[in-house]
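Predicted model and sequence follow; I will ask about them next.
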Amino acid sequence: MRAASKDMQPADSLSRRAEDRLARYLGAARPISALPLVLKGRYLVKGVLDRRAVSVIYGPPNVGKSFLALDLALHLSAGADRWFGHRLAKEAGPALYIAAEGDDGFAARVHAARAVHPDLVNRAMQAGMQVLPLAVSLCDEDEVEAVIAMVGEIMDRPPSLIVVDTLNKSLGPGRDENSGSDMAAFAAACRKLQRAIGAHVMVIHHSGKDASRGMRGHSSLLGDVDTAISIFQPDDGKGLTCMKMGKQRDDTTAASLWFGIERVVLGRDEDGDEVTSAVVVQAQPPQKDEVIEAWGPSRGALDLNTVKTQAAHGRAEAALRLLTDAFPDRRFNASDAAYVFSDAGLTKSDPATKPGRENARALLKRLVLDGNLTEATSGWFTVPKVAEADGGGK
């Protein structure tokens with residue numbers, strides 16, 4: 001084939017390094033007519049993670065990032081059908097977990113998972129899931145090559161997933177998260193692992209001091225990964241953790257998954273104290289409409305122990321019960337109601353703020369529309385007498 005331009009350098013005058021690159025490019029280049037349409041075998045976790053890709057899970061400390069990654073690794077290794085309701089690739093293969101922060105904590109997590117899900121963990125063990133409880137300096141090309149060779153030695157089949165936990169511990173001595181060149185070298189190493197082994201590489205990372213600004217360190221990492229997932233605990237999440245898609249290359253799916261952390265007692269140490277770890281437990285998203293049942297007979301004796309999710313009608317009914325109990329004279333304004341609703345957990349906004357009062361006022365308006373409250377022009381509200389509301393006080 002003729003050169004596209006007379007000004008181009010002829011192949012026989014290239015350096016040795018350029019010749020090596022040329023051979024690689026000639027092997028990869030093809031006309032677009034030869035591009036196949038791939039319809040099957042694209043996902044590892046449908047709607048969440050692609051096969052043979054690189055992802056990062058990031059969030060503040062102690063929100064369950066490592067527990068979540070281990071749970072996914074066990075499900076894939078065990079050949080489970082679904083994870084958090086999402087279909088898993090069939091016969092994906094075992095996982096390799098690089099526990100760069102050490103062996104003890106990881107071992108406890110595995111034993112906790114086995115105590116709660118014995119069949120799942122046993123199947124993952126039989127499938128050959130492996131852990132490397134050492135920090136690997138992935139910015140060192142020799143170490144990356146050693147990991148690739150190790151996989152061939154210890155695993156009977158290529159892993160479906162490689163977890164790198166954490167990024168900071170895997171950069172290597174003298175490397176800096178805030179350095180663009182160091183972060184680019186790390187991302188390139190992850191991509192090399194992904195391509196050489198054919199696995200999905202998942203990196204566990206931390207968010208910055210201001211979690212709303214995303215991942216800690218140089219921003220180039222976001223552009224180098226295929227998927228970025230944020231892990232966080234919202235203020236109104238009832239202690240649950242949310243896993244939210246922040247970036248998904250070549251896909252518009254934006255899955256949000258919720259989970260809790262369940263404490264597991266593994267045994268007792270030589271002093272008789274409990275040794276514990278934890279597992280993740282799938283949870284439903286917390287609802288905004290939360291109703292407190294079993295009200296006490298007076299404002300100071302509200303029973304707040306029983307809380308459950310109901311529809312908006314139930315929430316309004318709960319608000320009416322609160323107001324009826326809290327104001328014997330049946331006269332109050334939106335500011336008064338805001339404190340009552342906040343104390344009972346019915347609303348989350350600070351009652352001393354304008355949003356807090358507006359949220360309370362919106363709920364009061366709902367009660368007015370339902371005919372359960374009367375609003376005076378002066379901004380005061382009244383509720384019907386209990387006897388009238390109950391149809392005679394029986």
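Now that the structure is in, tell me what you want to look at. Residues are numbered from 1 along each chain as shown.

Convert stretch 365-377 to CSV, retaining C-alpha atoms only.
As requested, the backbone C-alpha atoms of stretch 365-377 are provided in CSV (Å, rounded to 0.1, in the frame of the first residue of the first chain):
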residue,chain,number,x,y,z
LYS,A,365,-50.8,22.9,53.6
ARG,A,366,-51.3,19.2,52.8
LEU,A,367,-53.4,18.8,56.0
VAL,A,368,-55.4,21.9,55.1
LEU,A,369,-56.2,20.5,51.7
ASP,A,370,-57.3,17.2,53.3
GLY,A,371,-59.6,19.1,55.5
ASN,A,372,-57.7,18.2,58.7
LEU,A,373,-56.4,21.7,59.5
THR,A,374,-57.8,25.2,59.4
GLU,A,375,-55.5,28.0,58.4
ALA,A,376,-56.2,31.5,59.7
THR,A,377,-55.1,34.6,57.7
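
Mind listing what's buried along that stretch?
Using 16 or more other C-beta atoms under 10 Å as the test for burial, stretch 365-377 gives 366-367, 372-373, 375. From N, CA and C alone the C-beta is placed, and that goes for glycine too.

Okay, and which of these map to strands?
E375 (DSSP state E).

Mind checking which of the buried residues of stretch 365-377 land in helices?
Using DSSP state H, the subset of these located in helices is 366-367.

For the residue nearest the centre of the chain, which non-adjacent residue is spatially closest?
By C-alpha atoms, centre = their mean, the mean C-alpha position of the chain lies nearest to M243, the distance being 2.2 Å. Spatial nearest neighbour of M243, chain neighbours left out: L257 (4.3 Å); criterion: C-beta to C-beta, 6 or more residues apart in numbering.

which residues touch that neighbour?
48, 84, 242-243, 282 (C-beta atoms under 8 Å, 6 or more residues apart in numbering).

one more time with 10 Å
48, 68, 83-86, 229, 231, 241-245, 280, 282-283, 285 (C-beta atoms under 10 Å, 6 or more residues apart in numbering).

Tell me where the stretch 1-150 of the chain has strands.
43-45, 49-50, 54-59, 82-83, 86-87, 95-99, 130-132 (DSSP state E, counting those that start in this stretch).

what's the distance between the second one and the middle of its chain?
In terms of C-alpha atoms, centre = their mean, to the nearest Å, the centre of strand 49-50 is found 14 Å from the chain centre.

same for the lengthiest helix in the chain, what does it pack against?
Secondary structure of the chain per DSSP H: the longest helix is helix 180-197. Helix 180-197 sits against strand 54-59, strand 95-99, helix 141-154, strand 161-165, helix 167-170, strand 200-206, helix 220-224, with contacts defined as 3 or more C-beta pairs under 10 Å, 6 or more residues apart in numbering; DSSP states H and E.

Sheet partners, orientation included, of the fourth one?
If you go by DSSP bridges, strand 161-165 pairs up with strand 95-99 (parallel), strand 200-206 (parallel).

So what's the residue count around A73?
26 (other C-beta atoms under 10 Å).

Just the pLDDT at it, thanks.
Confidence at A73, expressed as pLDDT, is 98.

My understanding was that it contacts M125; is that so?
No - using C-beta atoms under 10 Å, A73 is not in contact with M125, being 11.9 Å away.

what sits in contact with each of these two?
By C-beta under 10 Å, 6+ apart, the residues touching both A73 and M125 are 94, 110.

Most tightly packed of the strands paired with strand 161-165?
Most buried of the strands paired with strand 161-165, by mean neighbour count (mean count of other C-beta atoms under 10 Å): strand 95-99, with a mean of 27.

What residue spans form the domains of the protein?
43-283, 290-389 (automatic domain parsing).

measure the residue nearest to A73 when sequence neighbours are not counted to D176 for me?
In this structure, A73 finds its nearest non-sequential neighbour in A95, 3.7 Å apart by C-beta to C-beta, 6+ apart. Distance of A95 to D176, given as C-beta to C-beta, to the nearest Å: 29 Å.

Got phi/psi on R268?
phi -130, psi 150 (degrees, to the nearest 10).

check contacts around it.
With C-beta under 10 Å, 6+ apart, R268 has these contacts: 274-275.

just E375 next, same as before
Here E375 is in contact with 333-334, 361, 364-365, 367-368, 381-382 (criterion: C-beta under 10 Å, 6+ apart).

before we move on, the earlier item: helix or strand for the residue nearest to M243, which one?
strand 256-268 (DSSP states H and E).

Buried residues in that strand, which are they?
Of the residues in strand 256-268, those buried (16+ other C-beta under 10 Å) are 257-261, 264.

now, which of the residues you listed sits nearest G272?
Comparing the buried residues of strand 256-268 against G272 with C-beta to C-beta places V264 closest, at 18.0 Å.
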